[in-house]
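Enquirer: can't give you the sequence, but here's the structure:
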């Protein structure tokens, strides 16, 4: 990522965390407010755009991005075998707990371990989508490590909330193509379905980025095991009432994948949480689009907490 040369920080490196290796990268000066960005399902650290990272650094943050376990260049859980999503869904429908190699809490422990490896005692934790669900587990289990919490279009696991339409779920669950161009086509088709009407997609940028993602690490089994972790981790809405970190919840009013009721659920469950609704935003909006406004809100939140 070219942004390193102008923003400083540490180029891609590995840290041993929670018994595995996590690939990470940092941006900005260590004297800035530590901000950990947790990416969502199936995404890699290179999904964070240079513009977003630069704006966050310019706002005074020391930014850490990383690949979740089983994705990108972080450790792969190959010994766990291929993910059985159908079996897991069947177990849940029977009221049984599916057997999974790891949970969202385990992925949260990876992040806590990364903080330790980087000698960061406490940080602002920001997660998008599944990354927000992981962030929730950190705030619940490690309150002393969390300066503040930012949840962006993140699920709470509450089974009583509205669910996405079957056609969106089907597209999300479809096997990823092993062909580079077809893979990019699939991802862009999904983004068209879920991004919302308020912000046009930059499909040329997306195609280039998804080609980079494919070349860097095409590993659909890991994405499937990440999805299993989400399925098996249950409802966090009650546990969120114990969160003490100042919290900002951001959600789009056109999110068809993690519907806005999830944002409301989190904001109502966490004492004192702020709830910001972005009109016309869906899920995984364009890297420009609403992001400048959201970064401003994140910066105002972390400044207020750090003052």
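Expert: Here it is on my side, so go on. Not measured: the values here are computed from a predicted model. Residues are numbered from 1 along each chain as shown.
Enquirer: When you work out contacts or count neighbours from here on, use the C-alpha atoms and nothing else.
Expert: Will do.
Enquirer: And the strands in the stretch 151-300 of the chain, which stretches?
Expert: Listed in chain order, the strands of the stretch 151-300 of the chain (DSSP state E, counting those that start in this stretch) span 247-252, 274-278.
Enquirer: Tabulate those strands in a markdown table, adding columns for distance to residue 171, mean pLDDT and mean neighbour count.
Expert: Listed next are the strands of the stretch 151-300 of the chain as a markdown table, based on distance: least, CA to CA, whole Å; pLDDT from 0 to 100; neighbours: other CA atoms under 10 Å:
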| stretch | distance to residue 171 | mean pLDDT | mean neighbour count |
| --- | --- | --- | --- |
| strand 247-252 | 21 | 98 | 25 |
| strand 274-278 | 25 | 98 | 17 |
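Enquirer: Mind putting those strands into CSV with distance to residue 67?
Expert: Output for the strands of the stretch 151-300 of the chain, formatted as CSV (distance: least, CA to CA, whole Å):
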stretch, distance to residue 67
strand 247-252, 22
strand 274-278, 27
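Enquirer: for the ones you listed, which one sits closest to residue 300?
Expert: Smallest distance to residue 300 across the strands of the stretch 151-300 of the chain (CA to CA): 10.2 Å, for strand 247-252.
Enquirer: how far out from the middle of the chain is that closest one?
Expert: Mean-position distance between strand 247-252 and its chain equals 13 Å (CA atoms, centre = their mean, to the nearest Å).
Enquirer: Kindly report the same for stretch 152-159.
Expert: Here stretch 152-159 is found 12 Å from its chain centre; the criterion is CA atoms, centre = their mean.
Enquirer: I would like the residues contacting that stretch, please.
Expert: If you take CA atoms under 8 Å, 6 or more residues apart in numbering as the criterion, stretch 152-159 is touched by 126-133, 233-237, 249-252, 255, 258-260, 262-263, 265-266, 283.
Enquirer: and it, which residues are buried?
Expert: Under the neighbour-count criterion of 16 or more other CA atoms under 10 Å, stretch 152-159 has 152-158 buried.
Enquirer: Residue 139 contacts residue 245, correct?
Expert: Yes. Taking CA atoms under 8 Å as the contact criterion, residue 139 and residue 245 are neighbours in contact, 7.0 Å apart.
Enquirer: Need the overlap of contacts for the two.
Expert: Counting by CA under 8 Å, 6+ apart, the residues touching both residue 139 and residue 245 are 146, 149.
Enquirer: could you pull out the helices for the stretch 151-300 of the chain?
Expert: In the stretch 151-300 of the chain, the segments counted as helices under DSSP state H, counting those that start in this stretch are 166-173, 180-194, 203-216, 220-232, 260-269, 291-306.
Enquirer: out of these, which comes closest to residue 60?
Expert: Nearest of the helices of the stretch 151-300 of the chain (CA to CA): helix 291-306, 8.0 Å.
Enquirer: so what does that closest one touch, helix or strand wise?
Expert: In terms of contacts (3 or more CA pairs under 8 Å, 6 or more residues apart in numbering; DSSP states H and E), helix 291-306 is packed against helix 50-58, strand 146-152, strand 247-252.
Enquirer: chain center to it, what's the gap?
Expert: A distance of 17 Å separates the centroid of the chain from that of helix 291-306, by CA atoms, centre = their mean.
Enquirer: That helix - what's its average pLDDT?
Expert: Mean pLDDT, helix 291-306: 96.
Enquirer: what inclination does it have with respect to strand 146-152?
Expert: Interaxial angle, helix 291-306 versus strand 146-152 (axes from the mean of the first three to the mean of the last three CA atoms, to 10 degrees): 160 degrees.
Enquirer: Okay, buried residues for stretch 83-99 please.
Expert: For stretch 83-99, a neighbour-count test (16+ other CA under 10 Å) marks 83-85, 88-89, 97-98 as buried.
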